[in-house]
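1. Here's a sequence, model it:
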Amino acid sequence: MQSLQPSMNSLDHTLVRLCQLVIQGQKQDSKKYGMVGACVVGPNGEKVGRLNYALGSNRVHAERAALDAYYEKFGEKPPRGSVIVTTLSPCSADNMIGRYAQSCTDLINEAGVHKVYAGYQDPTQPDTNRKFNLEITDNPKIQSLCKRFADTFL
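-> Prediction:
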C-alpha cells in the first residue's frame, strides 16, 4: 500500500523553495513580507505556499497565510495525508504579541493536518496542545538557513 504522505526528499525540496520565497519576499518588500514561509502539500502533490506578512500592526503567520490560500483555491480543508511544510515550527503561545488571530498550532489542529515538517524548531514556543506530528528536517544546510531566518526575529 502506497503512503499518502510525500517523501522527506520531496519535503526538503519544498523547504528549499520556501527559503527562496523568503529571500524573494525580502527583496520585494522587507516591511511587508517576513522571514517565515509555509506550504500546504496535498497527498496528490498539490502545493499552496505563502510568506508571513504584515496586516496593519499585526502579522499573519505563514501557516495561516498558506492555509487561507489553500481554502481559497480548493474551497475545503486539506485532505487526509496533507502536510504543512514550514521554515519555522508553528507558534503555540496564546499571548504572542503582534500575531493576527490564534496560534498556528491551534489553526493546524482545526484544519486536521496531522504532520508538520519544519526547517527549524522555534525554541521560544511551548510544546503544548499539538495534535500533529512535528518533524524537523535532518538536512543540516536547510536547518542552518532556516535558523538564520528565524534568528532575525527570535
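
2. in stretch 147-154, what counts as buried?
-> Of all the residues in stretch 147-154, those buried under the rule 16 or more other C-beta atoms under 10 Å are Lys147, Phe149, Ala150. C-beta coordinates here come from the backbone N, C-alpha and C atoms, glycine included.

3. And the helices in this structure?
-> In chain order, the chain shows helices spanning 8-29, 62-74, 104-111, 140-151, with DSSP state H as the criterion.

4. Nearest to Pro123, out of those?
-> With C-beta to C-beta as the measure, helix 140-151 is the member of the helices of the chain nearest Pro123 (9.2 Å).

5. what mean pLDDT does that closest one have?
-> pLDDT averaged over helix 140-151 equals 98, rounded to a whole number.

6. re the thing from before, the buried residues of stretch 147-154 into CSV, with extra columns for distance to Lys31?
-> As requested, the buried residues of stretch 147-154 are exported to CSV (distance: C-beta to C-beta, whole Å):
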residue, distance to Lys31
Lys147, 23
Phe149, 16
Ala150, 18
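
7. Out of these, flag the one nearest to Ile23.
-> Relative to Ile23, and with distances defined as C-beta to C-beta, the nearest of those is Phe149, at 9.0 Å.

8. Excluding chain neighbours, what is closest to that closest one?
-> Taking C-beta to C-beta, 6 or more residues apart in numbering as the measure, Phe149 lies nearest to Met35, with 4.2 Å between them; neighbours along the chain are not counted.

9. Right, I'll leave it there.
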